[in-house]
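*Asks:* sharing a sequence plus its predicted fold:
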Amino acid sequence: MGRVEPLLNLEDVNVHYGAIWALKGINLTVGEGEIVSLIGANGAGKSTTLRAISGIVKTSSGRIMYQGEDITKTPAHDIVKKGIAQVPEGRRIFANLTVMENLELGAYIRKDTKGIKQDMESVLDRFPRLRERIGQIAGTLSGGEQQMLAIGRALMTRPKLMLLDEPSMGLAPLLVKEIFSIIQEINKDGTTILLVEQNARMALQIAHRAYVLETGRIVLEGSAQELAKQEDVKKAYLGG
Amino acid sequence: MKKYFSTLIICLVLAVFFVAVQLGINSGAISWYWMTNLYLVGINIILAASLNLINGFTGEFSLGHAGFMAVGAYSSAIITANLGLPFPLAVIVGMLAAALAGLLVGLPTLRLRGDYLAIATLGFGEIVRVVLMNIDYVGGASGLTDIPAMVNWPIIFFSVVLSLLLIRNFICSSHGRACLAVRENDLAAEMMGVNITYYKVLAFVIGAALAGLAGVLYAHYYTVLQPREFSFMLTFNVLVMVMVGGLGSLTGSVVGAVIITIASAFLQAIPELRMVIYAALLIISAVFRPQGLLGEKEVSLNILQKLGGVLSGPVRSKQAH
């Protein structure tokens, strides 16, 4: 809030799925270098918000501004080129291709062979387990490794802003911790993060700011620390 | 160096094969009957490989191949038979017409998924056949005759080699990667910046153009065209070749086309049972080897080398789910 030039700005964004009004006037800002979390229950519209930003679903009204540019109507495959990468819910890796091929496809939009090589190395340094399994078919990886691959694949686009959709889904608590500390590292290295999570406790721990969504509306916003202290947030999302 | 070496060997084998067959035809060692079947194998390889590009590599399910072949065959026959223009022009027109048909059908229908695309393309094939049957300019139901015989062994041979080379290079390029990504997971592909509609349509158009080429060759070998030859059975036939050979394997399509064409040549003695045996073949292959004879693997010299060492060392083995 109050930043001069936010990286991403959603102004009164509405999304309809047929007769269902999924997003009801979302206003949201992400500043450069931040980790921002969207928390809320199932069906609150968290994933839809991400999908609207990345162009996978069409907005029915409102504006999405990125670096001062209106990207509301930009097709999904062009949004990637602007530096927004999405790590989709359920990972959606290319299951029949190798780890290497998955990462190469991440760099699909890029032509700078040298830079791609560098990024490949840095992704493999970040995820040593992917290096061990570089020639393995991605579908045979464990859930945690697949999540790492999905994040690595998104990093290969060299994003300014990374959208993460439920990275903790279906993972053991220890792995969730690992994934979240990796997200923090990625943020420290200069990538802005917009994170959607059902695991509100973890999300609020690493986020700078957060928004709480309920049935398509933002009902609360503020610094992550403040939100974590609020009684109604504790009750509804942090289990007491 | 190794790579150049194996390319050299492949070229050498192809050249020997080409010369041997040409000598066989010249000397009469290859009878007219087997020559016809050989040409048919060539045409079917082009059909199977191009359908595989659409169905196997890009993961769409098209049933419109007979339609595209008919467009190529008839438009090229109009150039040579009706207008008396040279054959090379007919090849270009035939392929372009089929590609255009592919574009017109592909743009609206590739937004459909799975079964719906199959139904739409099947409908397209039938429409082409019925329309041709009702145009007197191309002979209507009785067919178009007096098409000049232009096709000989070199033309068939080089058409097949160039078609396979085109598809192979496409698949191995970043475009092919994009198609593979679309097949594997189109949403993720889009998130990686792949324009999925573009690649679906592109693969569809290339496949259609090559089916058109097969039609051109067919028309200028048999010199007679009848709409009823381009029925759904033709598409089905090509589909069987692709399935038996392996969806997503180019060499598989070649193997499938050879097996099915030769088999149907032998089965001509018992035409009533032919389709029954076909169906049985398809069921057997679906039950015992659903991924086709070659799955997604390609036969190459590398694999032959590896076979000496480790039997389990193919380039990539498809995971069974």
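*Replies:* Good, I have the coordinates. Numbering: from 1, shown residues only, chains lettered A, B, ... in the order given.

*Asks:* can you pull out the helices in the stretch 51-200 of chain B?
*Replies:* For the stretch 51-200 of chain B, the helices defined by DSSP state H, counting those that start in this stretch occupy B:65-77, B:87-109, B:114-133, B:153-172, B:174-184, B:186-191, B:196-222.

*Asks:* chain center to the third one: distance?
*Replies:* Same thing as helix B:114-133. Distance, stretch centre to chain centre, for helix B:114-133: 18 Å (CA atoms, centre = their mean, to the nearest Å).

*Asks:* what about the residue most central in space within chain B, distance to residue B:75?
*Replies:* Centroid-nearest residue in chain B: residue B:47, 1.7 Å away (criterion: CA atoms, centre = their mean). Per CB to CB, to the nearest Å, residue B:47 is found 17 Å from residue B:75. Where you see a C-beta, it was placed from the backbone N, CA and C, and this is true even at glycine.

*Asks:* do the same with residue B:141
*Replies:* Look at residue B:141 and residue B:75: by CB to CB, they are 19 Å apart.

*Asks:* more crowded one of those two?
*Replies:* A count of neighbours by other CB atoms under 10 Å in any protein chain shown puts residue B:75 above the other of residue B:141 and residue B:75, at 23 against 11.

*Asks:* and the nearest residue to that one once chain neighbours are set aside, how many residues sit next to it?
*Replies:* For residue B:75, ignoring the flanking residues on the chain, the nearest one in space by CB to CB, 6 or more residues apart in numbering or on different chains is residue B:97 at 3.9 Å. By other CB under 10 Å, 24 other residues sit near residue B:97.

*Asks:* isn't residue B:97 right next to residue B:70, touching?
*Replies:* No: counting by CB atoms under 8 Å, residue B:97 stays clear of residue B:70, with 10.2 Å between them.

*Asks:* what about the stretch 201-321 of chain B, any weak spots by pLDDT?
*Replies:* B:300-321 (pLDDT under 70).

*Asks:* ok, back up a step: quick one: contacts for the residue nearest to the centre of chain B?
*Replies:* Shown in contact with residue B:47 (CB atoms under 8 Å, 6 or more residues apart in numbering or on different chains): B:65, B:69, B:210-211, B:214, B:238, B:241, B:257.

*Asks:* make JSON lines from these and add distance to chain A to it.
*Replies:* Listed next are those as JSON lines, based on distance: CB to the nearest CB, whole Å:
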{"residue": "B:65", "distance to chain A": "25"}
{"residue": "B:69", "distance to chain A": "30"}
{"residue": "B:210", "distance to chain A": "25"}
{"residue": "B:211", "distance to chain A": "26"}
{"residue": "B:214", "distance to chain A": "29"}
{"residue": "B:238", "distance to chain A": "24"}
{"residue": "B:241", "distance to chain A": "22"}
{"residue": "B:257", "distance to chain A": "24"}
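
*Asks:* neighbouring strands for the strand or helix carrying residue A:24, and are they parallel or not?
*Replies:* Per DSSP states H and E, residue A:24 falls inside strand A:20-30. Using DSSP bridges, strand A:20-30 pairs in its sheet with strand A:8-17 (antiparallel).

*Asks:* in the strand it pairs with, what's buried?
*Replies:* Residues of strand A:8-17 classed as buried: A:8-11, A:13-15 (neighbour count, 16 or more other CB atoms under 10 Å in any protein chain shown).

*Asks:* now do residue A:77 against residue B:199, distance only.
*Replies:* Applying CB to CB to residue A:77 and residue B:199 gives a distance of 10 Å.

*Asks:* also residue A:51?
*Replies:* Computed as CB to CB, the residue A:51 to residue B:199 distance reads 21 Å.

*Asks:* please name the residues that touch the closest residue to residue B:204 other than its chain neighbours.
*Replies:* The shortest distance from residue B:204 to any non-neighbouring residue, by CB to CB, 6+ apart, is to residue B:106 (4.0 Å). Residues in contact with residue B:106, defined by CB under 8 Å, 6+ apart, are B:200-201, B:204-205, B:208.

*Asks:* tabulate those residues in CSV, adding columns for neighbour count.
*Replies:* Listed next are the contacts of residue B:106 as CSV, based on neighbours: other CB atoms under 10 Å in any protein chain shown:
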residue, neighbour count
B:200, 25
B:201, 20
B:204, 27
B:205, 22
B:208, 33
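
*Asks:* closest one of the residues you listed to chain A?
*Replies:* Comparing those against chain A with CB to the nearest CB places residue B:200 closest, at 12.6 Å.

*Asks:* the closest one: what's it in contact with?
*Replies:* B:58, B:60, B:106, B:110, B:182.

*Asks:* residues contacting the second one?
*Replies:* Right, residue B:60. B:54, B:110, B:117, B:200, B:203-204.

*Asks:* grab the nearest non-local neighbour of residue B:174.
*Replies:* In space, and not counting its chain neighbours, residue B:174 is closest to residue A:108: 7.0 Å by CB to CB, 6+ apart.

*Asks:* burial measure for that neighbour, as a count.
*Replies:* For residue A:108, the count of nearby residues is 20 (other CB under 10 Å).

*Asks:* what about it, which SS state?
*Replies:* Following DSSP: H, G, I helix; E, B strand; the rest coil, residue A:108 is assigned to coil.

*Asks:* give me the contact list for stretch B:243-259.
*Replies:* With CB under 8 Å, 6+ apart as the test, stretch B:243-259 has contacts from B:41, B:44-45, B:47-49, B:51-52, B:55-57, B:164, B:167-168, B:171, B:183, B:240-242, B:260, B:281-282, B:285-286, B:291-300, B:318.

*Asks:* quick one: which of the residues you listed sit in helices?
*Replies:* Under the assignment DSSP state H, the contacts of stretch B:243-259 contribute B:41, B:44-45, B:47-49, B:51-52, B:164, B:167-168, B:171, B:183, B:240-242, B:260, B:281-282, B:285-286 to helices.

*Asks:* which of those residues are buried, as a PyMOL select command?
*Replies:* To isolate the buried members of the ones in helices among the contacts of stretch B:243-259 in PyMOL, using 16+ other CB under 10 Å:
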select buried, chain B and resi 41+44+45+47+48+49+51+52+164+167+171+183+240+241+242+260+281+285
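
*Asks:* would you map the strands across chain A?
*Replies:* For chain A, the strands defined by DSSP state E occupy A:8-17, A:20-30, A:35-40, A:61-66, A:69-70, A:84-87, A:161-165, A:192-197, A:209-214, A:217-223.

*Asks:* okay, those, which one's buried deepest?
*Replies:* Across those, averaging neighbours per residue (mean count of other CB atoms under 10 Å in any protein chain shown) puts strand A:84-87 on top, at a mean of 28.

*Asks:* please name every helix or strand in contact with that one.
*Replies:* Applying 3 or more CB pairs under 8 Å, 6 or more residues apart in numbering or on different chains; DSSP states H and E, one finds that strand A:84-87 contacts helix A:46-53, helix A:143-155, strand A:161-165.
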